[in-house]
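[1] how would this look folded up:
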Amino acid sequence: MSLPVLYKYTSFENGMKSIQNQKFKWSSIKKFNDPFESRFYTQNNINTKVRLAALTASIKGGFYLPPDVKKLFIEAEKKSKLEFTKITELSDKIKRKINEYNKLTPSAYDEIERIIWNETKSSSLLKQIYDKSIDFSNTAREMIEREFGILCLSKSFNNPLMWGHYASDHDGIMFEFDFSKIPEMSMLYTSIKKVHYQRDYPEMSFSTLLGLNNELFPEQGEEFMRILSFTKHDAWEYEQEYRSLASNNALDENNLSRIPKACFKSITIGCSADSSSIELIADLARKELPLTKIYHNQLDPKNYNLIRLEI
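    Numbering: from 1, shown residues only. Below is the predicted model of the structure:
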């Protein structure tokens, strides 16, 4: 899929740094302004909960109880020695199974899921724990927060709302990128995907849930990440967002990465920037990005439009 020309709206300070070193921040979703980021819906049945428990065990390296149900586990130790013993035995079985392999495989995962399912059928406490568990799906969100960064871009050109929300009330900068200047198979190009907007949470199918462990199930992982990172409420549709998703391992210690100079098509300075800021941006851009056009926004005297004038 070919990419359209895309834009990055940002503050004066961040924009100056990016002009200087061509680096941009791939941010954690913890920093985003939408509390619904990376939310999804799963069928509320025991099969799904067992699968989520098995996936969580495969990621964390052992049996895991979410914080909201640990109280049940503690109460079980007081009330029923048998039920408590079943859970400790399950934990031991999972640990032994994981330790059998130098590296977990899909077939080993299947065995872990089968172990949890068989134990759940025979334990009223485990059924209660999984029925009451509401936190397993948050493991997915936590994984995105912890292991990935996202660069937010937009197809919307010179949008006054985007300037107001993301470029310091029109004091900042809008970068224009042409990613056709880099190979379509490059890591950066392939990481950029269109955001899909909808009214309801996306549903994560029983099969796609396997993608929670992307290392074990890369095929399902691609669809899992699409649902988790590239789906938003339709109230945000005006942003016409595209995103680049990158593993933190591919970023520097500050979650920054460089965009090739060839991709910089233009730099636009906001209409509210003062003369000294305009001069600073223009001088630095001419030095660091000499082939990139520089514009300054002005207000249209007759309409609610922004007019770019080259400087």
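[2] mind listing the strands for the chain?
    6-10, 23-25, 148-154, 173-177, 192-194, 196-198, 231-233, 241-247, 256-258, 264-269, 293-299, 306-310 (DSSP state E).
[3] and stretch 110-126, what's buried?
    The neighbour-count criterion (16 or more other CB atoms under 10 Å) identifies Glu111, Ile112, Glu113, Ile115, Ile116, Trp117, Glu119, Thr120, Ser123, Leu125, Leu126 as the buried residues of stretch 110-126. Using the backbone N, CA and C atoms, a C-beta is placed for each residue, glycine as well.
[4] these: which two are farthest apart?
    Maximum pairwise distance among those (CB to CB): 22.3 Å, between Glu111 and Leu125.
[5] nearest to Phe206, out of the strands of the chain?
    Comparison of these against Phe206 by CB to CB identifies strand 231-233 as nearest, at 18.2 Å.
[6] how much space between Leu55 and Thr105?
    For Leu55, the distance to Thr105 equals 14 Å [CB to CB, to the nearest Å].
[7] for Thr190, that is, sorry about that
    Distance, Thr190 to Thr105, using CB to CB: 26 Å.
[8] check the spatially most central residue of the chain and give its pLDDT.
    In the chain, the centroid-proximal residue (CA atoms, centre = their mean) is Ser229; its distance is 4.3 Å. According to the prediction, Ser229 has pLDDT 92.
[9] just to revisit the earlier point, of all the strands of the chain, which one is nearest Trp163?
    strand 6-10 (6.2 Å).
[10] packing partners of the closest one?
    On a contact count with 3 or more CB pairs under 8 Å, 6 or more residues apart in numbering; DSSP states H and E, strand 6-10 meets strand 148-154, helix 160-166, strand 173-177.
[11] residues in contact with the residue nearest to the centre of the chain?
    Neighbouring residues of Ser229 by CB atoms under 8 Å, 6 or more residues apart in numbering: Ile29, Ser38, Ile144, Phe148, Ile150, Arg243, Leu245.
[12] do Glu184 as well
    Counting by CB under 8 Å, 6+ apart, Glu184 touches Ser2, Thr190.
[13] and it, how far from Ser247?
    To Ser247, Glu184 is 20 Å away according to CB to CB.
[14] gap between the closest residue to Ile278 other than its chain neighbours and Lys23?
    Excluding its sequence neighbours, the residue lying closest to Ile278 (CB to CB, 6 or more residues apart in numbering) is Ile269, at 5.4 Å. Here Ile269 is placed at a distance of 19 Å from Lys23 (CB to CB).
[15] quick one, which of those two is more surrounded?
    Between Ile269 and Lys23, Ile269 has the larger neighbour count (other CB atoms under 10 Å), namely 27 against 16.
[16] higher neighbour count, Leu55 and Thr105?
    Counted by other CB under 10 Å, Leu55 and Thr105 do not tie: Leu55 has more neighbours, with 24 against 11.
[17] give the contact list for the residue nearest to the more buried one when sequence neighbours are not counted.
    In this structure, Leu55 finds its nearest non-sequential neighbour in Leu212, 4.5 Å apart by CB to CB, 6+ apart. Listed by CB under 8 Å, 6+ apart, the contact partners of Leu212 are Leu52, Leu55, Thr56, Ile59, Thr139, Ala140, Met143, Phe224.
[18] now compare these and name the two farthest from each other.
    Most distant of the contacts of Leu212, by CB to CB, are Thr56 and Phe224, 14.1 Å apart.
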